[in-house]
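Enquirer: got a predicted structure plus its sequence, pasted below:
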Amino acid sequence: MQTIRYGGDYNPEQWPEEIWHEDVRLMREAGVNLVSLGIFNWGIIEPAPGEYDWTGLDRIMGLLHENGIGVDLGTPTAAPPSWLRRAHPEIRLVDFEGRVLASGSRHGVCPSHPVYNEACASIVEQLAARYGKHPAVQMWHLHNEYGWANVDCYCEVSAAAFRGWLAEKYGDVDRLNDAWGTAFWGLVYRDFDQVEAPSLAPPGVNPALRLDWKRFSNDAHIANYKMQRAIIARHSEAPATTNFMVPNCKDMDYFRWSDTVDIVSNNHYLVAERDEHEIELSMSADLTRAVAGGPWMVMEHSTSAVNWQPRNIAKTPGEMRRNSLAHVARGADGLMFFQWRASRAGAEKFHSAMLPHGGTDTDVWRDVVALGGDLERLSSVVGSDVAADVAILWDWESWWALELEWRPSVDLEFRERVEAYYTSLWKQHVTVDFAHPESDLGRYKAVVAPSSYLLTATAAKHLHGYVESGGHLLVSYFSGIVDEHDAVHPGEHASVLRETLGLWVEEFHPVHEGTRLALDAAAESRWRSGPVSGRIWSEHVRLDGAEAVAAFTDGPDAGRPAVTRHRVGAGTAWYVATALDDATGLRGLLAEVLDAAGVERPTGLPDRLEVVRRGPFRFLINHTDQEQFVPDLRGADALTGVAYDRGVPVPAGAVVVLAHAGS
Ligand code: GAL
């Protein structure tokens, strides 16, 4: 990709043809160079089984091409046509509680059902054969949001596919019994045929069954993708993608997906009612970059409000631009919206668009046109890397496992801890990469493991090697507890990390809701961010080589270590036995770890002044409502051409992108 791809979902089938001409003219005015077409048009292009109507699609493809606008051609399999559901009611999705989903919307079918998969194969074959060599097609957009409303299906076909998946994975049912620990409650299976899908059941369902079910369901969607991809490959050389939902889809393990797509693309919508929601956006972008292993593209975000949150708060002036450029700063080489033109009818008519109901005399439209210009000026960013010295560990499987039933506390949440650490680093202007615990960590000065409950022995060994060879690792509580089947690692708690952390855990002591656990004065004087206290968790840490850096002064573990440090080889491993937050000690602790690790970062800036370095640029994004001044920087703003010699002012809510920045 030479230019930043700019555009959105385009649904011309919702409009009469004369509007298409206006669309294309306005797309050119806004600098749109790519649109996603045909994502939900199965019911239009195949009006009856085996009958095809290509008239509209042929025309619009031609029109776009004549106007120099590329097409990201969708396969419409996320919206099975009414005739298919009617003729084959057996493909309808059966949910966790055994209810069969009706039609009238999209998705809602069993991802493992052969009838559905055959129908998908057939429409994809037709589409790819017809448009595989069409000059407008720049990429393929397979399906839409795998796992959105059909994560898993509990019908008998799906259950049978699950049994097949298990038989392939374990070979022998005794291996499954062993891995799943089915001696517990005598849940032992004598044959794979005895395994059922884990739908609504009495409490205490085997967690290993639930984990494999999640892996199976994820793989069922990957199989549909791969099937479609193989068909397309016979007709077209264009790259393919499907739009992910990082990090807001818990159910798809996108690390397992990353190798299947040619381009990683992501949909991200702000959680509009959340305070400082720009931080969650950054996290989404950073995690998408980890899945991609480099640059990626935004497949969907919104120009302003969405229509599906409890209160759909519109973006404030300048916010769409800040959001967009934050994605680019964090690795996006394409910036697409849902959707080009606001729909008149249907479920999404109150969703913002590039071209709103109010037309071109609107702030949104003016911002869309201006953004097109900004992106042209930033095209040299394409393909470049984001600079990050720190990694946060992320693992979907650990997320799944941590939040299964019957954990030591309902307050144990994967994202709660990841976001606490991410937020504190973000506010200290530290750009992070996310990384899988088994990935190569050698290039990071510091690695943070906020919530690594499920940690394989291999991953633990890997982390040990990282520290031994000079890395700085910070691990939060309730990490290294279970293996990939949710079985406690043999021996004491955190045994797989014992050598690394220089400690083990004798007993967990989760605390009452709202309880604050004070840490000693030594911690307070070191981390100087006001009172230092923990929440949620306390535990009996037994030192075995580590030194206590801070101790609890109250609660069940008063006088015992709360934060520890252990030197291993050339590196250091830190451990935190409670939930610290940015304002209650985490900022100071992280600063100490970052200093020890030699992580450079800007100082003296307000928290909400986002600073990210990518390729030739340094992005300065001011999320505050006051002008901010960044001293010690110089360079020219790639967006305005203005050159700064001694420090850079960033107006309230604005973005400056310094080219050839120096300090
Ligand atoms: C996405 C979906 C789009 C549209 C959008 C609205 O999840 O892929 O088709 O529905 O949400 O925000």
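Expert: Great, that's in hand. Numbers count the residues shown, from 1 in each chain.

Enquirer: quick check: which element contains W213?
Expert: helix 207-233 (DSSP states H and E).

Enquirer: please identify the buried residues of that helix?
Expert: Within helix 207-233, the residues scored as buried using 16 or more other CB atoms under 10 Å are 207-209, 211-225, 227-229, 231-232. C-beta coordinates here come from the backbone N, C-alpha and C atoms, glycine included.

Enquirer: tell me which residues are up against stretch 550-566.
Expert: Stretch 550-566 is touched from outside by 500-503, 509, 511, 515, 517-520, 522-523, 526, 532, 534, 538-541, 543, 545-549, 572-578, 585, 589, with contacts defined as CB atoms under 8 Å, 6 or more residues apart in numbering.

Enquirer: quick one on the thing from earlier: which elements pack onto the helix holding W213?
Expert: helix 114-131, helix 156-170, helix 173-180, helix 254-257, helix 396-402 (3 or more CB pairs under 8 Å, 6 or more residues apart in numbering; DSSP states H and E).

Enquirer: most tightly surrounded among those helices?
Expert: Most buried of those, by mean neighbour count (mean count of other CB atoms under 10 Å): helix 396-402, with a mean of 23.

Enquirer: which strands and helices lie in contact with the helix or strand that comes right after it?
Expert: Per DSSP H and E, the first helix or strand lying C-terminal to helix 396-402 is helix 414-427. With contacts taken as 3+ CB pairs under 8 Å, 6+ apart, helix 414-427 sits against helix 277-292, strand 390-393, helix 396-402, helix 586-597.

Enquirer: mind running it again at 10 Å?
Expert: On a contact count with 3 or more CB pairs under 10 Å, 6 or more residues apart in numbering; DSSP states H and E, helix 414-427 meets helix 277-292, strand 390-393, helix 396-402, strand 432-435, strand 446-449, strand 472-476, helix 586-597, strand 609-614.

Enquirer: distance from that helix to the middle of the chain?
Expert: Centre-to-centre, helix 414-427 and its host chain are 14 Å apart (CA atoms, centre = their mean, to the nearest Å).

Enquirer: quick one, it and helix 586-597 angle?
Expert: 70 degrees (axes from the mean of the first three to the mean of the last three CA atoms, to 10 degrees).

Enquirer: got a pLDDT number for A661?
Expert: With respect to pLDDT, A661 has a value of 52.

Enquirer: over to R528?
Expert: Per the predicted model, pLDDT is 70 at R528.

Enquirer: any idea how far E348 is from the ligand?
Expert: According to CB to the nearest ligand atom, to the nearest Å, E348 and the ligand sit 6 Å apart.

Enquirer: my read: that residue touches W308, true?
Expert: Yes. Counting by CB atoms under 10 Å, E348 does reach W308; the two are 8.2 Å apart.

Enquirer: which one's more surrounded, the two?
Expert: E348 (16 against 11; other CB atoms under 10 Å).

Enquirer: list the contacts of that one.
Expert: 11, 306-308, 338-339, 342 (CB atoms under 10 Å, 6 or more residues apart in numbering).

Enquirer: and V100, by the same measure?
Expert: 89-90, 92-94, 108, 155.

Enquirer: farthest pair within those?
Expert: Greatest spatial distance among the contacts of V100 (CB to CB): E90 and G108, at 13.1 Å.

Enquirer: those two: which is more packed in?
Expert: Set E90 next to G108 and count neighbours by other CB under 10 Å: G108 wins out with 21 against 15.

Enquirer: can you report how many residues lie near the closest residue to that one other than its chain neighbours?
Expert: Leaving out its chain neighbours, the residue that sits closest to G108 by CB to CB, 6 or more residues apart in numbering is L101, at 4.4 Å. By the criterion of other CB under 10 Å, L101 has 18 neighbours.

Enquirer: likewise V205?
Expert: 17.

Enquirer: any idea how far it lies from F414?
Expert: Applying CB to CB, to the nearest Å, the value for V205 to F414 is 19 Å.

Enquirer: got it, and H485?
Expert: Counting by CB to CB, the gap from H485 to F414 is 18 Å.

Enquirer: kindly report the same for G641.
Expert: 45 Å.

Enquirer: who's more crowded, those two?
Expert: Remark: of G641 and F414, F414 carries more neighbours, 23 against 9, as counted by other CB under 10 Å.

Enquirer: show the average pLDDT along stretch 124-138.
Expert: The average pLDDT within stretch 124-138 is 98.

Enquirer: swap in stretch 211-221?
Expert: 98.

Enquirer: as CSV, the contacts of E348 with distance to the ligand would be great.
Expert: Below are those laid out as CSV (distance: CB to the nearest ligand atom, whole Å):
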residue, distance to the ligand
N11, 9
V306, 5
N307, 7
W308, 6
F338, 4
Q339, 7
A342, 11
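
Enquirer: filter those residues to the buried ones?
Expert: 11, 306, 338-339, 342.

Enquirer: which residues of this protein lie near the ligand?
Expert: Counting by CB under 6 Å from any ligand atom, the residues of the chain close to the ligand are 144-145, 267, 269, 300, 306, 338, 348, 351.

Enquirer: which two among the residues you listed are spaced furthest apart?
Expert: Longest span within the residues of the chain next to the ligand, CB to CB: N144 and V306, 15.7 Å.

Enquirer: re the thing from before, out of the helices and strands packed on helix 414-427, which is the most enclosed?
Expert: Counting by mean count of other CB under 10 Å, strand 446-449 has the highest mean neighbour count of those, with a mean of 28.

Enquirer: sort out which residues of the helix or strand just after it are buried, please.
Expert: Sequence-wise, the next helix or strand downstream of strand 446-449 (DSSP H and E) is helix 457-468. The neighbour-count check on helix 457-468 (16+ other CB under 10 Å) flags 459-460, 462-467 as buried.
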